[in-house]
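*Asks:* Predicted coordinates and the sequence they were generated for:
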Amino acid sequence: MPVRIVRLGTPRAPGEGLRIGTVRRPPRGVPKAEFASRDYYDVWYPELSPEPDTMKLALESHHLQDQGQTAKADKLWKQFDKLFRKQLAEAPADRTLSLLAALSHHAAFAVGCYCENEARCHRSILRSLLQDKGADIAN
């Protein structure tokens, strides 16, 4: 039962299982009682989201990319990637990733974020780190 890496708020795949929101903030304008029914998440787990200062680098990278400043955007994204990986290498987050990797062989679940483009989203880094830990990941 591979783990799925998803965009929160999108329709669930058949058999997806529990959806974990790895975001700092709940969805805006959505009542808490509707998070799951609107396909955001069943469990909120901000511990696997970037720290606010780190997230600023990713947001600035997105802004520069939108303005066509690809080289600057790529440089900021690399800084974000490095800092976020360092954050996730610390004991609590690292243990959580190991747990999720192990669970991916026994239970159906998904982890996700709101970003439209996974390539420029922290969930791409989560995917990479889960793969490094031997997780079974759905395509």
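*Replies:* Yes, it's here. Computed from a predicted structure; not experimentally measured.

*Asks:* Surely residue 118 and residue 128 touch.
*Replies:* No. Judged on CB atoms under 8 Å, residue 118 makes no contact with residue 128 at a distance of 11.1 Å. Where C-beta positions appear, they are placed from N, C-alpha and C, glycine not excepted.

*Asks:* Quickly note the distance from residue 118 to residue 124.
*Replies:* 5 Å (CB to CB, to the nearest Å).

*Asks:* Need the residues touching each of the two.
*Replies:* residue 5 (CB atoms under 8 Å, 6 or more residues apart in numbering).

*Asks:* So for the chain, which residue is the most central one in space?
*Replies:* residue 123 (3.0 Å; CA atoms, centre = their mean).

*Asks:* gap between the helix or strand of the chain with the lowest mean pLDDT and the chain center?
*Replies:* When each helix and strand of the chain is scored by mean pLDDT, DSSP states H and E, helix 52-66 comes last, with a mean of 94. The chain centre lies 15 Å from the centre of helix 52-66; the measure is CA atoms, centre = their mean, to the nearest Å.

*Asks:* same question, stretch 89-100
*Replies:* Distance, centroid of stretch 89-100 to centroid of chain: 14 Å (CA atoms, centre = their mean).

*Asks:* same deal with stretch 99-110?
*Replies:* Using CA atoms, centre = their mean, the offset of stretch 99-110 from its chain centre is 15 Å.

*Asks:* who's in contact with the longest helix along the chain?
*Replies:* Using DSSP state H to define each element, the chain has its longest helix at helix 70-89. Residues outside helix 70-89 that contact it (CB under 8 Å, 6+ apart): 48, 50-51, 54-55, 57-58, 60-62, 64-65, 93-94, 97, 120, 122, 125-126, 129.

*Asks:* just to revisit the earlier point, so the residue nearest to the centre of the chain is in which element?
*Replies:* Element membership of residue 123, judged by DSSP states H and E, is helix 122-132.

*Asks:* Show residues contacting that helix.
*Replies:* Helix 122-132 is contacted from outside by 3, 5-6, 22, 48-50, 55, 58, 81, 84-85, 88, 97, 100-101, 104, 111-113, 115, 118, 137, using CB under 8 Å, 6+ apart.
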